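Student: With the input below, show me the fold.
(2 chains)
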Amino acid sequence: MALAKRIIPCLDVDKGRVVKGVQFVDIRDAGDPVEVARRYNSEGADELTFLDITATHEGRDTIVHVVEQVAGEIFIPLTVGGGIRTVDDVRLMLNAGADKVAINSAAVANPDFVREAAEKFGNQCIVVAIDAKQVEDRDGQARWEIFTHGGRKPTGIDAIKWSKKMVSYGAGELLVTSMDNDGVKDGFDLPLTRLISDNVEVPVIASGGVGNLDHLAEGVLEGHADAVLAASIFHFAEYSIAEAKQHMAKRGIEVRL
Amino acid sequence: MTTHTTIAVIDYGMGNLHSVAKALEHAIQFTTGRSVSINVTNDKQLIGSADRIVLPGVGAIRDCIGEMQRLDLIDTIKDAAANKPFLGVCIGMQALLSHSSENNGVECLDIIPGEVTRFAEKLIDPSSGERLKIPHMGWNQVSQQIKHPLWHNIAQHQRFYFVHSYFAIPKTAESIAGSTTYGHPLCVALAQENIFATQFHPEKSADAGLQLFANFIDWDGSYDSSGQ
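Tutor: Residues are numbered from 1 along each chain as shown, chains lettered A, B, ... in the order given. Next up, the predicted model:
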């Protein structure tokens, strides 16, 4: 009897629609977040993550509506990320039915926001997204640095130190994305994931770079991740969540089947 | 028996009330054909007149008990817990015990004798040697320790969704309705007369959670701990 490692499909939502070409075989409308969420739920997803990529203010109301609709029908944990900048943003998403929010650039711009949000709503609903790239020190030593703005802006902040700081500020979970690997389908950055996971008390979600089911298993076995997040391999119906779980179980990982 | 029942979900400003209300609404279809009205409320009269009570909650225990006091709900909750089907969830379960060590120690409602305490700093899985993360977050298996109407149609060792850093240690083992393992055995469901309480979140535990909610809606509140 043990805690299961989680598989979390991630949906990019723009103006209330799922984007990035979701191609399920027998879904009428692959852009409808409720329908996609329902599909993932029935396949056994352990949680869902919505990434709101809408930059406009009007778009915010739309994602709130999406969260309300999904939370009214699918009874597994739901995380919303993208554009969470204020305590009011957090409250809005939680009231709409999100269980957690993922805070990204706003944490870098103002670390106290994480502390404030965690004190107000509890650590369990504050996920801090750690976007890191491998860089070299002057003496040629490899290390990881936090980047913002979709990987374009270096911050000079060391990823491991930052992870520990965010946990001490009240993050209940860390979502670790390698900016080097994201979208490359070469697998997670395992040394980065492992280094962070081994250095913090809270659960770590590995993200960025999944191209096949072995990558998911490696995230747990070698990256020491507590959960694995993937988008495109599920969207394009390359693999179902159920297949992913069976594969992980075959590699000796405890999953919820 | 009436086929209509009213449920008060006690609103004391702590988090996931609407998730709980939505899941209860959804669970109605799995009951024995009842009509149900659900009120998310802190109105003492509505709570007093409701047929059954759900005490949900996420967050920290000091705020939780503090808000109950501020809203003058303590006696109302104790009255309800004394005489009608009552379901506590997560912090709503922990609040029922005598005392919690969270926030430097908080006196709780003392409805079920026992303590709430935090997981050890360095929690290790004794079988694998693996270090375990805190919060205990995700889907873990629940082993049913007693036969109870709320476990109806739920498989032994079914997985439920957890997220917590503190856990209950009831004074008497008889009140343990369910347990799991996370570094050590852990009480995750309590039963005492007309009260049932879960550390896990039925509202986030997919079909098994909805079944538990449906069982609660159908439950007449009777449970004989000696007569199993």
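
Student: ok, now which ones touch residue B:126?
Tutor: Residues in contact with residue B:126 (C-beta atoms under 8 Å, 6 or more residues apart in numbering or on different chains) are B:183-184. For every residue, glycine as well, the C-beta is placed using N, CA and C.

Student: What values do phi and psi take at the residue of chain A found nearest chain B?
Tutor: Minimum separation of chain A from chain B (C-beta to the nearest C-beta) falls at residue A:122, amounting to 4.1 Å. Main-chain torsions, residue A:122, degrees, to the nearest 10: phi 100, psi 140.

Student: could you pull out the helices for chain B?
Tutor: For chain B, the helices defined by DSSP state H cover B:17-27, B:44-49, B:61-70, B:74-83, B:91-94, B:206-218.

Student: and these, which is most packed in?
Tutor: Mean neighbour count, computed with mean count of other C-beta atoms under 10 Å in any protein chain shown, is highest for helix B:91-94 among the helices of chain B, reaching a mean of 28.

Student: right, is that helix up against chain A?
Tutor: No: under the criterion of C-beta under 8 Å from any C-beta of the partner chain, helix B:91-94 makes no contact with chain A; the nearest approach is 8.9 Å.

Student: Show me where the stretch 1-150 of chain A dips below the pLDDT cut-off.
Tutor: A:21-28, A:55-59 (pLDDT under 70).

Student: Surely residue A:177 touches residue A:128?
Tutor: No: here residue A:177 lies out of contact with residue A:128, judged by C-beta atoms under 8 Å, at a distance of 11.3 Å.

Student: who has more neighbours, the two?
Tutor: residue A:128 (29 against 25; other C-beta atoms under 10 Å in any protein chain shown).

Student: secondary structure element for the more buried one?
Tutor: strand A:126-136 (DSSP states H and E).

Student: Show residues contacting that strand.
Tutor: A:79, A:81, A:90, A:100-104, A:107, A:114, A:117-118, A:142-148, A:151, A:154, A:159, A:162-163, A:166, A:170-180, A:189, A:192, A:196, A:205.

Student: With stretch A:82-96 instead?
Tutor: Here stretch A:82-96 has contacts from A:50-55, A:60, A:63-65, A:67-68, A:71, A:80, A:101-104, A:106, A:113, A:116-117, A:120-121, A:125-126, B:15-16, B:18, using C-beta under 8 Å, 6+ apart.

Student: Filter those down to the buried ones, PyMOL style.
Tutor: The buried residues among the contacts of stretch A:82-96 can be selected in PyMOL (16 or more other C-beta atoms under 10 Å in any protein chain shown) with this line:
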select buried, (chain A and resi 50+51+52+53+54+60+63+64+67+68+71+80+101+102+103+104+106+113+116+117+120+121+125+126) or (chain B and resi 15+16+18)
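
Student: Inside helices: which ones of the contacts of stretch A:82-96?
Tutor: Those of the contacts of stretch A:82-96 lying in helices (DSSP H): A:60, A:63-65, A:67-68, A:71, A:106, A:113, A:116-117, A:120-121, B:18.

Student: from those, which two are the most distant?
Tutor: A:65 and A:116 (26.1 Å; C-beta to C-beta).

Student: quick one on the thing from earlier: nearest to residue A:216 among the helices of chain B would be which one?
Tutor: Once the helices of chain B are compared by C-beta to C-beta, helix B:206-218 is nearest, at 20.4 Å.

Student: Return the list of helices and strands in contact with the closest one.
Tutor: helix B:17-27, strand B:52-55, strand B:158-164 (3 or more C-beta pairs under 8 Å, 6 or more residues apart in numbering or on different chains; DSSP states H and E).

Student: hmm, who's touching the shortest one?
Tutor: Same thing as strand B:52-55. Residues contacting strand B:52-55 (C-beta under 8 Å, 6+ apart): B:5-10, B:20, B:24, B:47, B:77, B:80-81, B:84-89, B:92, B:95-96, B:216-217, B:219, B:221.

Student: Mind doing that once more with 6 Å?
Tutor: Here strand B:52-55 makes contact (C-beta atoms under 6 Å, 6 or more residues apart in numbering or on different chains) with B:7-10, B:80, B:84-88, B:92.

Student: Of those residues, just say which sits nearest to chain A.
Tutor: Once C-beta to the nearest C-beta is applied, the member of the contacts of strand B:52-55 that ends up nearest chain A is residue B:92, at 13.6 Å.

Student: quick one, the next helix or strand along the chain from the strand holding residue A:128 and strand A:126-136 angle?
Tutor: Next helix or strand after strand A:126-136 toward the C-terminus (DSSP H and E): strand A:142-148. For strand A:142-148 against strand A:126-136, the angle by axes from the mean of the first three to the mean of the last three C-alpha atoms, to 10 degrees is 130 degrees.

Student: Show me how far strand A:142-148 is from its chain's centre.
Tutor: 18 Å (C-alpha atoms, centre = their mean, to the nearest Å).

Student: For burial, what's the neighbour tally of the closest residue to chain A within chain B?
Tutor: Relative to chain A, the nearest point of chain B is residue B:59 (4.1 Å; C-beta to the nearest C-beta). Close neighbours of residue B:59, defined as other C-beta under 10 Å, add up to 21.
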